[in-house]
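Participant: pasting the sequence and the predicted coordinates here, then a few questions.
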Amino acid sequence: MNSPTPTIDVDAICKALANPVRREILASLREPQKHFGDQELTLDHGVCAGRIDAYCALSQSTVSAHLAALQKAGLVTSKRVGQWVFFKRNEPVIEAFIAHMNAQL
């Protein structure tokens, strides 16, 4: 049984993807074991925001704003575990967006 197609905000996603840093974050989260394999906790919850900060070599506040934009667009999800916040790609939304773009363009 197929799960329902998620509702997507195409304009919010396009706006989020317009920034190269956000695209790089999404690309790195596609293969977390390759880019964040040295994370102390397992990648089951996602990638710790602090590891994403280090990967991007940008300030915590800058990366936090990028992650917030990706989350607002629905491209990533977050999970708080203790004092840490972990991020994962939201694959159903990404797949729905790609399908929408393939059908519309």
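Facilitator: Received it, and whenever you're ready, just let me know what you need.
Participant: switch to C-alpha atoms for all contacts and neighbour counts from now on
Facilitator: Fine.
Participant: tell me the contacts of the residue nearest the centre of the chain?
Facilitator: The residue at the geometric middle of the chain, judged as the C-alpha nearest the mean C-alpha position with C-alpha atoms, centre = their mean, is residue 76 (3.4 Å). For residue 76, the contacting residues are 67, 70, 87, 88, 89, 90, taking C-alpha atoms under 8 Å, 6 or more residues apart in numbering as the criterion.
Participant: give me the pLDDT for the first one.
Facilitator: To tie it back to what came earlier, the one meant is residue 67. Reading off the per-residue confidence, residue 67 sits at a pLDDT of 98.
Participant: how about it, phi and psi?
Facilitator: phi -60, psi -40 (degrees, to the nearest 10).
Participant: for residue 20, see how far away it is.
Facilitator: With distances taken as C-alpha to C-alpha, to the nearest Å, residue 67 is found 13 Å from residue 20.
Participant: okay, helices next: where are they in the protein?
Facilitator: For the chain, the helices defined by DSSP state H cover 10-17, 20-30, 32-36, 49-56, 60-72, 91-104.
Participant: those: which one's closest to residue 81?
Facilitator: Smallest distance to residue 81 across the helices of the chain (C-alpha to C-alpha): 11.4 Å, for helix 49-56.
Participant: now do that closest one: everything it contacts.
Facilitator: Residues beyond helix 49-56 that count as contacts (C-alpha under 8 Å, 6+ apart) turn out to be 21, 25, 35-36, 39, 59-60, 63-64, 84-87.
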